[in-house]
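A.B. asks: fold the following, please.
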Amino acid sequence: MGFGDLKTPAGLKVLNEFLADKSYIEGYVPSQADVAVFDALSGAPPADLCHALRWYNHIKSYQKEKASLPGVKKPLGQYGPAGVEDTTGGAPPANDDEDDDIDLFGSDEEEDEETKKIKEERLAAYNAKKSKKPALIAKSSILLDVKPWDDETDMAKLEECVRSIELDGLVWGQSKLVPVGYGIKKLQIACVVEDDKVGTDQLEELITAFEDHIQSVDVAAFNKI
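C.D. replies: This is a model prediction of the structure:
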């Protein structure tokens, strides 16, 4: 089990594939598992590893309160997919899944009243634990192309305008300038949004409101997380 060396392209690729259908390293909320893996990176993953980059930018927003995130930080080798060679020296993971200790079906042998009572109590505790798991928050990773009016537009100011947009459920990510011709460059910027709180139409409307600097905005890529 493990991601391998997260400072290498191979390790980052494993991390990206692992996060293709997950929001976090473990569970449904940020935890010390995310902090352990985040700290093992040398920097942000490249833009083509969109799942790893989305996760990196999201966990980066928790850096001020990372010590208060739930869970206990374990050796890096205890996180990640099974069957990947671990070069980080982590010990084999301990099985801390309490659910495995619960026998929901039991045997066909006749049970006495005390045994039945114990099983009922365990089943009730199991159901209570499952009911407390937080609901999965639907998120999307969006790549935007923001175009200026001409080659005289101050692109640093343009990006400042875009990043000044603050919404509940919106996290801005990496950006770069991409040539489009005739000396004009567009701003390509990534963000992660919570689907129930932020929509692409809303983002486009807010960005194009800076009409002195911005001509238009297009969605270059959109991926469900």
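
A.B. asks: for the most centrally placed residue in the chain, which non-adjacent residue is spatially closest?
C.D. replies: Most central in the chain under CA atoms, centre = their mean is residue 55, positioned 2.8 Å from the mean C-alpha point. Distances taken as CB to CB, 6 or more residues apart in numbering place residue 19 nearest to residue 55, at 4.9 Å, with adjacent residues excluded. C-betas here are computed from N, CA, C, even on glycine.

A.B. asks: sec struct for that neighbour, please.
C.D. replies: For residue 19, the assignment made with DSSP: H, G, I helix; E, B strand; the rest coil gives helix.

A.B. asks: for the protein, which segments count as strands?
C.D. replies: Remark: strands assigned in the chain by DSSP state E are 139-148, 170-181, 184-194, 214-224.

A.B. asks: dump these to a markdown table, plus mean neighbour count.
C.D. replies: Output for the strands of the chain, formatted as a markdown table (neighbours: other CB atoms under 10 Å):
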| stretch | mean neighbour count |
| --- | --- |
| strand 139-148 | 20 |
| strand 170-181 | 15 |
| strand 184-194 | 20 |
| strand 214-224 | 14 |
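
A.B. asks: quick one: low-confidence parts of the chain?
C.D. replies: Low-confidence segments of the chain (pLDDT under 70): 1, 83-111, 130-135.

A.B. asks: does residue 214 touch residue 160 like I think?
C.D. replies: No. Taking CB atoms under 8 Å as the definition, residue 214 is not a contact partner of residue 160, at 11.6 Å.

A.B. asks: elements contacting the top helix by length along the chain?
C.D. replies: Longest helix in the chain, counting residues (DSSP state H): helix 113-131. The helices and strands touching helix 113-131, judged by 3 or more CB pairs under 8 Å, 6 or more residues apart in numbering; DSSP states H and E, number zero.

A.B. asks: neighbours around the residue nearest to residue 55, how many?
C.D. replies: By other CB atoms under 10 Å, 22 other residues sit near residue 19.

A.B. asks: contact partners for it?
C.D. replies: With contact taken as CB atoms under 8 Å, 6 or more residues apart in numbering, residue 19 is in contact with 51, 52, 54, 55.

A.B. asks: look up how far residue 57 lies from the first one.
C.D. replies: Spelled out, it's residue 51. According to CB to CB, to the nearest Å, residue 51 and residue 57 sit 11 Å apart.

A.B. asks: for residue 26, same thing?
C.D. replies: 19 Å.

A.B. asks: repeat for residue 50
C.D. replies: According to CB to CB, residue 50 stands 11 Å off from residue 57.

A.B. asks: thank you kindly, that will do.
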